[in-house]
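J.: What follows is a protein structure lacking sequence information:
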């Protein structure tokens, strides 16, 4: 399983996961998590519930489209099936839940990304995933 924020580091993680999965003709779940923390109200304004739902729907459609594009771009020889998955929630929690749900035997994380998915000094999504995963976690650096 490869969580992605569509950064170049996540792409490197996907390439590595495809190499690993290719030796066993496995399957790669390409996961994007949409954070549910869209703020309905700011200091001087509030968005209606309909507007927030429209934003969330738009984010979901965009993420699904980007995942399909990544799957096509990286599918290569076709030996490995890439399964695009979009979920909403807290990133680390969703990643850990999805790993259990699909019974992934490896999680490959980018060393960093737009959201700094992994940061070795602690407190990050990546660290929470590494501590809580029921399978090995590989960090693709560089």
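T.: Yes, it's here. The shown structure was predicted, so the numbers you read here are calculated from the model rather than taken from an experiment. Residues are numbered from 1 along each chain as shown.
J.: So which residues of this structure form strands?
T.: Secondary structure of the chain (DSSP state E): strands at 2-3, 27-34, 81-88, 107-110, 137-140.
J.: I'd like the average pLDDT over the fourth one.
T.: Read that as strand 107-110. On average, the pLDDT along strand 107-110 is 93.
J.: other SSEs contacting that strand?
T.: Applying 3 or more Cβ pairs under 8 Å, 6 or more residues apart in numbering; DSSP states H and E, we find strand 107-110 packed against strand 2-3, helix 8-22, helix 125-132, strand 137-140. C-beta coordinates here come from the backbone N, C-alpha and C atoms, glycine included.
J.: what distance separates that strand from the centre of its chain?
T.: Computed by Cα atoms, centre = their mean, to the nearest Å, the separation of strand 107-110 from the middle of its chain amounts to 9 Å.
J.: Give the buried residues for the longest helix along the chain.
T.: Ordering each helix of the chain by length in residues (DSSP state H) puts helix 49-74 first. Going by neighbour count (16 or more other Cβ atoms under 10 Å), the buried part of helix 49-74 is 59, 63, 66, 67, 70, 71, 74.
J.: of the residues you listed, closest to residue 101?
T.: residue 67 (16.9 Å; Cβ to Cβ).
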